[in-house]
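Undergrad: Sharing a model prediction with you, sequence too.
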Amino acid sequence: MIQLILGGARSGKSTLAERLASGLTDNVVYIATAARIADDLEMIERINLHRERRPTSWTLVEEPLDLASAIETHQRMGCCIIVDCLTLWLSNIMLLDEGRHFKQQVTDLFSVLSGFQGNLILVGNEVGMGIVPMGKLSRRFQDESGRLHQQLATLCDRVVLTVAGLPLVMKGEKI
Amino acid sequence: MIQLILGGARSGKSTLAERLASGLTDNVVYIATAARIADDLEMIERINLHRERRPTSWTLVEEPLDLASAIETHQRMGCCIIVDCLTLWLSNIMLLDEGRHFKQQVTDLFSVLSGFQGNLILVGNEVGMGIVPMGKLSRRFQDESGRLHQQLATLCDRVVLTVAGLPLVMKGEKI
Amino acid sequence: MIQLILGGARSGKSTLAERLASGLTDNVVYIATAARIADDLEMIERINLHRERRPTSWTLVEEPLDLASAIETHQRMGCCIIVDCLTLWLSNIMLLDEGRHFKQQVTDLFSVLSGFQGNLILVGNEVGMGIVPMGKLSRRFQDESGRLHQQLATLCDRVVLTVAGLPLVMKGEKI
């Protein structure tokens, strides 16, 4: 079962993903897409906050770029993979080498997802409901993010939008 | 029946509007509010993308400013008009002559809509759920956009919010 | 009963809050968090617009900072307090003295809310669904706003998201 949890900043996406995973199994692989060598203090604080909240029994995998391989490697019946989050990954692959590997990375992800067995929970930021940004890169990021979410939603069994920590199920069974 | 499809950037608004129209009739008039003589490459690409997706049998009308007349002219029982999108039109009329005709254009639109017979699907961007923008014009745009959507929602038979390509019906019959 | 009304800019939050309050009682205390001595014309216009819409019988309290005390002072069975809005208050306390009293103010608010008797309707802006802002303060504001809404949602009896003036009930009884 593949689930997509979307929501605004601090809307409770990660907490919901972690709650859903805990309800499924103790065998959770947490794929963090934030780079380990985060270069600013603010990002390090955010990573640490997330880290403290997770059970120590969970496996932590840090993969800022090659998400497809990370999912494929840890795919296993009876376990649950959380990807937190798609938005940072998208940002990482769009910035790397001026986006030269961007399309390939997205293709690889969908190729792994289409054959995925087991439980997978994908977390992403809803970034498209504000004023259209001035910068061209921001606009492109908003577009690619929206496209990614649309494509993912078609193959996910459940899609949830979180608002103020509350889940709104857009597709699939109620929580 | 008048329907309003709101959603963030790349949330599947236009695709849903086109699907709903196709389900009603083959006789679709597509009113594009993007100016034909778009002055930047990015906008031209967006217009072309939209254009390629539409059946060639549909009538294309390009009207960046006088939306009321465009709707009135093509209003006909048995056909369906799509307006894609309100947000670009609002931006166009707010910028033209420093917004001197803005109120009149909005009044004209509501006057045509109040007597409208047939099927009309209006597409608009949800732009109010991000950080309040710094620029005064952006703030005013966000305000006017929100007001327009509120006013339209009261006279629409169905209002839908799209997220990740999925419809959330806010008013009217489920899709 | 405590209710939280969230929504984007001009999404009909305040109007809904006022409608819900009017349906409960004539005895409404309206706590406005916009500073009386607003220093720009735009804000004064916004305040006046809100003011004109409210019944003259309602009690108006202007409290930009000490929201906890304002709620506690006016708490009374049979009356209904509206707080409009949380977002402006959050912005006020984050900016005052470089946010030195911020945590205390939030703690005080939750302390008053946890023992609250009567009817309270809190209005807040959803600001987290756009592109992550460039400025560090905006980012922090977005985070704190999201956290505040999450915390409030757990203790509220009803949470509503407004879109185009229409209510989407996220928690509690339908409207």
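TA: Everything's here; your move. The structure displayed is predicted, hence computed values, not measured ones. Residues are numbered from 1 along each chain as shown, chains lettered A, B, ... in the order given.
Undergrad: so who does the closest residue to A:H149 other than its chain neighbours touch?
TA: Excluding its sequence neighbours, the residue lying closest to A:H149 (C-beta to C-beta, 6 or more residues apart in numbering or on different chains) is B:A164, at 4.0 Å. (Glycine included, C-beta is placed from N, CA and C.) By C-beta atoms under 8 Å, 6 or more residues apart in numbering or on different chains, the contact list for B:A164 reads A:4, A:6, A:146, A:149-150, A:152-153, A:159, A:170, B:11-12.
Undergrad: And these, which is closest to chain C?
TA: A:L6 (9.3 Å; C-beta to the nearest C-beta).
Undergrad: quick one: that closest one is in a helix?
TA: No: counting by DSSP: H, G, I helix; E, B strand; the rest coil, A:L6 is not part of a helix but strand.
Undergrad: Look up how far C:G130 lies from the one residue in chain A that gets nearest to chain C.
TA: Nearest to chain C, among the residues of chain A, is A:G130, at 1.9 Å (C-beta to the nearest C-beta). Shown here: A:G130 relative to C:G130, a distance of 2 Å by C-beta to C-beta, to the nearest Å.
Undergrad: which residues do the two both contact?
TA: With C-beta under 8 Å, 6+ apart as the test, A:G130 and C:G130 both reach B:129-131.
Undergrad: Tell me the one among those nearest to chain A.
TA: B:G130 (1.9 Å).
Undergrad: Is the worst-scoring helix or strand of chain A on mean pLDDT positioned near chain C?
TA: Every helix and strand of chain A was ranked by mean pLDDT, DSSP states H and E. The lowest is helix A:41-53, at a mean of 74. Yes: using C-beta under 8 Å from any C-beta of the partner chain, we find that helix A:41-53 touches chain C at A:E42.
Undergrad: Spell out which residues sit in contact with A:E18, please.
TA: Contacts of A:E18 by C-beta under 8 Å, 6+ apart are A:53-54, A:82.
Undergrad: Highest neighbour count among the residues you listed?
TA: A:I82 (25 neighbours; other C-beta atoms under 10 Å in any protein chain shown).
Undergrad: Could you list the low-confidence segments of chain A?
TA: A:35-40 (pLDDT under 70).
Undergrad: just checking, what packs against the longest helix along it?
TA: Counting residues, the longest helix found in chain A (DSSP state H) is helix A:136-155. Counting contacts by 3 or more C-beta pairs under 8 Å, 6 or more residues apart in numbering or on different chains; DSSP states H and E, helix A:136-155 is packed against strand A:2-7, helix A:86-95, helix A:102-114, strand A:119-125.
Undergrad: can you put these in JSON lines and add mean neighbour count and distance to C:R19?
TA: Formatted as JSON lines, the helices and strands packed on helix A:136-155 follow (neighbours: other C-beta atoms under 10 Å in any protein chain shown; distance: least, C-beta to C-beta, whole Å):
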{"stretch": "strand A:2-7", "mean neighbour count": "26", "distance to C:R19": "27"}
{"stretch": "helix A:86-95", "mean neighbour count": "21", "distance to C:R19": "36"}
{"stretch": "helix A:102-114", "mean neighbour count": "15", "distance to C:R19": "45"}
{"stretch": "strand A:119-125", "mean neighbour count": "25", "distance to C:R19": "32"}
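Undergrad: which one of those lies closest to C:L95?
TA: strand A:119-125 (25.6 Å; C-beta to C-beta).
Undergrad: Which secondary structure state does the residue of chain A found nearest chain B sit in?
TA: Taking C-beta to the nearest C-beta, chain B has its nearest neighbour within chain A at A:G130, 1.9 Å off. For A:G130, the assignment made with three-state DSSP gives coil.
Undergrad: Assign the residue sitting furthest away from the middle of chain A to helix, strand or coil.
TA: In chain A, A:M134 marks the outermost C-alpha relative to the chain mean, sitting 25.4 Å out by C-alpha atoms, centre = their mean. At A:M134, secondary structure determined by three-state DSSP is coil.
Undergrad: Spell out which residues of chain A are next to chain B.
TA: Proximity of chain A to chain B, by C-beta under 8 Å from any C-beta, involves residues A:4, A:6, A:8, A:126-132, A:136, A:139, A:142-147, A:149-150, A:152-154, A:159, A:161, A:168, A:170-171.
Undergrad: What residues does A:W58 make contact with?
TA: So A:W58 contacts A:28-30 (C-beta under 8 Å, 6+ apart).
Undergrad: on that earlier part again, and of the helices and strands packed on helix A:136-155, who's closest to A:G23?
TA: Nearest of the helices and strands packed on helix A:136-155 (C-beta to C-beta): strand A:119-125, 10.3 Å.
Undergrad: and the closest one with helix A:136-155, angle?
TA: 150 degrees (axes from the mean of the first three to the mean of the last three C-alpha atoms, to 10 degrees).
Undergrad: What is the neighbour count of the residue of chain A closest to chain C?
TA: 32.
Undergrad: Look up phi and psi at it.
TA: phi -110, psi -180 (degrees, to the nearest 10).
Undergrad: And A:R54, by the same measure?
TA: phi -90, psi 140.
Undergrad: Verify the stated contact: it with A:I47.
TA: No: in this structure A:R54 lies outside contact range of A:I47 using C-beta atoms under 8 Å: 11.2 Å.
Undergrad: Within range of chain C, give me the residues from chain A.
TA: Contacts of chain A with chain C, taken as C-beta under 8 Å from any C-beta, map to A:7-12, A:42, A:125-131, A:133, A:138, A:141-142, A:163-166, A:168.
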